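*Asks:* What would the 3D arrangement of this be:
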Amino acid sequence: MATKKDTRKKKKSWKDLPPLARVGTVIVGAVQLSLLIAAQRDISKRPAEQIRGSKALWRMVTLINFVGPGSYFAFGRKNLPRRSAATAR
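*Replies:* Below you'll find the predicted structure:
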C-alpha cells in the first residue's frame, strides 16, 4: 500500500516569513491599533447625546478588527452642525 504525502500545510512562524511580509504585518497591526485607540478616545470624550446607541455597545464593536472602528466613525457618531468661519472667530 502506497503512503500518502502529508498535504497539510505547516503553519509559518515569524522567522519563516519574508522580510516584506513581516513589515506588512507590523504596518497593518499599527494601523489597526491606531484606529482602535482613536475610536476609544473619541467615545470617551464625546457626550452620549452625540453617539448613536450606547457607549458600551460601541466600545465592544470597536474591538472588531478594522470593521469596528470604521463602523463607529461612519455610523456611530451623530452629525454635528458645522460652524461657519464667521462664528468660529
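
*Asks:* Quick check: closest non-adjacent residue to the residue most central in space within the chain.
*Replies:* Residue closest to the average C-alpha location in the chain (Cα atoms, centre = their mean): residue 66, at 3.2 Å. Take residue 66 and drop its neighbours on the chain: the residue closest to it by Cβ to Cβ, 6 or more residues apart in numbering is residue 32, 6.1 Å away. C-beta: built from backbone N, CA, C; applies to glycine.

*Asks:* Would you agree that neighbour is in contact with residue 65?
*Replies:* Yes - assessed by Cβ atoms under 8 Å, residue 32 is found in contact with residue 65 at 5.7 Å.

*Asks:* ok, so what distance separates residue 56 from residue 24?
*Replies:* 34 Å (Cβ to Cβ, to the nearest Å).

*Asks:* With residue 74 instead?
*Replies:* 25 Å.

*Asks:* And these two? Which one has more around it.
*Replies:* residue 24 (12 against 8; other Cβ atoms under 10 Å).

*Asks:* With that, I have no additional questions.
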